[in-house]
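In: sharing a model that was predicted from the sequence below.
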Amino acid sequence: MSLKFTSEVLELLDDPKANGQKVVEMFNSFEYGHASYKTVKGAEGSTDFVKIVIKGTNGKSANGTAPTLGIVGRLGGLGARPYKIGSVSDGDGAIAAVTIALKLATMASRGDRLSGDIYVTTHVCPEAPVESHDPVEFMGSPVDMQIMNEHEVLDEMDAILSIDTTKGNKIINHRGIAISPTVKEGYILRFSDDLLRLMEITTGDFPTTFAVTTQDITPYGNDLYHLNSILQPAVATNRPVVGVAITTRSIVPGSSTGASHEIDIAQAVRFSIEVAKAFTKGECQFYDEAEFLRLQQLYGSMKVLQTLGNKEEQ
């Protein structure tokens, strides 16, 4: 029933007065779901960073041992008002993240609690700037990427799914969702077999993946081309990060209205919930630890790719 929850969140956030407080109020009645927000001002306005925690039966918040999954809803903004009226395609990541939290909190209230804690982070901004980008324009954000990572990438997260609209490109020609290879400490690792299997189950189709380049896993601000911000959480953590892209066959600008598809967002929600169930039970691995150690022994650290490189010395 992910579609029902997706529609509820879409209606809530498709509003010029959408804010963090309205999201927090959705979780007031849940025993195991707690939400909070913080307003942060930037050069081009402000946004509300939202954090939602769904506590597991054996979660670390209760001194348990089950691993914690982080889910980051990536976006520039929910809207481009007053330039455009209505929700923009770029907001799908936030809609998916809040929907995942709402569904998990509802499940927990009914007795279907996960083993570990789930941390869901995103931000709510109905008035964001539009930026030039090839091949189509992107949505910008009132705050820069470093500030976004500071509020959305948390130490509590043992692994991260980063959900982002990824429609304004010529790389992915598929409508639905696609996942990236695992990125960890500057390394682009092989695709997780566990995640591919869960994608097969939740979509009922062959798994769809997308290519990642070295540029994509470096920080914004280094004057290099990036597909989008989907893997920017990987520059701010040593935990494994996998991008969950909400995709289209055609090229759709992030600033387009009328381009958010409930079924596709719900597909990302359903996949992420199944990953949350399996990961917190220790039944889903984002990467092969032994192979990663072997890579480091052979080729050394790649953490320099998590920095601005030589630019930091200038």
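Out: Yes, it's here.

In: what are the ranges of the strands in the stretch 51-200 of the chain?
Out: Listed in chain order, the strands of the stretch 51-200 of the chain (DSSP state E, counting those that start in this stretch) span 69-74, 118-124, 130-131, 138-139, 159-165, 176-179, 183-184, 187-188.

In: so which of those strands is nearest Leu12?
Out: With CB to CB, the closest approach to Leu12 among those belongs to strand 118-124: 9.6 Å. (C-beta placed from N, C-alpha, C; glycine too.)

In: what average pLDDT does that closest one get?
Out: Per-residue pLDDT values across strand 118-124 average out to 98.

In: that strand to strand 159-165, inter-axis angle?
Out: 30 degrees (axes from the mean of the first three to the mean of the last three CA atoms, to 10 degrees).

In: paired strands for strand 118-124, with orientation please.
Out: Under the criterion DSSP bridges, strand 118-124 sits next to strand 45-54 (antiparallel), strand 69-74 (parallel) in its sheet.

In: let's see that strand as PDB, backbone CA atoms only.
Out: Presented in PDB, the C-alpha positions along strand 118-124 are these (Å, rounded to 0.1, in the frame of the first residue of the first chain):
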ATOM      1  CA  ILE A 118      15.900   3.900  10.400                       C
ATOM      2  CA  TYR A 119      17.000   7.500  10.000                       C
ATOM      3  CA  VAL A 120      15.300   9.400   7.300                       C
ATOM      4  CA  THR A 121      16.500  12.900   6.400                       C
ATOM      5  CA  THR A 122      15.600  15.400   3.700                       C
ATOM      6  CA  HIS A 123      14.700  19.100   3.400                       C
ATOM      7  CA  VAL A 124      11.500  21.000   2.600                       C
END
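
In: so how far is it from its chain's centroid?
Out: 8 Å (CA atoms, centre = their mean, to the nearest Å).

In: again, but for stretch 142-155
Out: On CA atoms, centre = their mean, the centre of stretch 142-155 falls 12 Å from that of its chain.

In: now it: buried residues?
Out: Pro142, Val143, Met145, Ile147, Met148, Asn149, His151, Glu152, Val153, Leu154 (16 or more other CB atoms under 10 Å).

In: kindly report the same for stretch 260-272.
Out: Quick answer for stretch 260-272 (16+ other CB under 10 Å): Ser260, His261, Glu262, Asp264, Ile265, Ala266, Gln267, Ala268, Val269, Arg270, Phe271, Ser272.

In: is it true that the last one touches Thr99?
Out: No - with contacts counted by CB atoms under 8 Å, Ser272 stays clear of Thr99, the gap being 9.2 Å.

In: could you find the closest non-adjacent residue to Gln267?
Out: Ile177 (5.2 Å; CB to CB, 6 or more residues apart in numbering).

In: for that neighbour, give me its contacts.
Out: Residues near Ile177 by CB atoms under 8 Å, 6 or more residues apart in numbering: Met199, Thr203, Thr208, Val244, Ala245, Ile246, Thr247, Asp264, Gln267, Ala268, Phe271.

In: could you do Gln232 as well?
Out: Here Gln232 is in contact with Arg74, Met145, Met148, Asn149, Ser162, Pro219, Tyr220, His226 (CB under 8 Å, 6+ apart).

In: now, among those residues, which is nearest to Glu289?
Out: Ser162 (20.6 Å).
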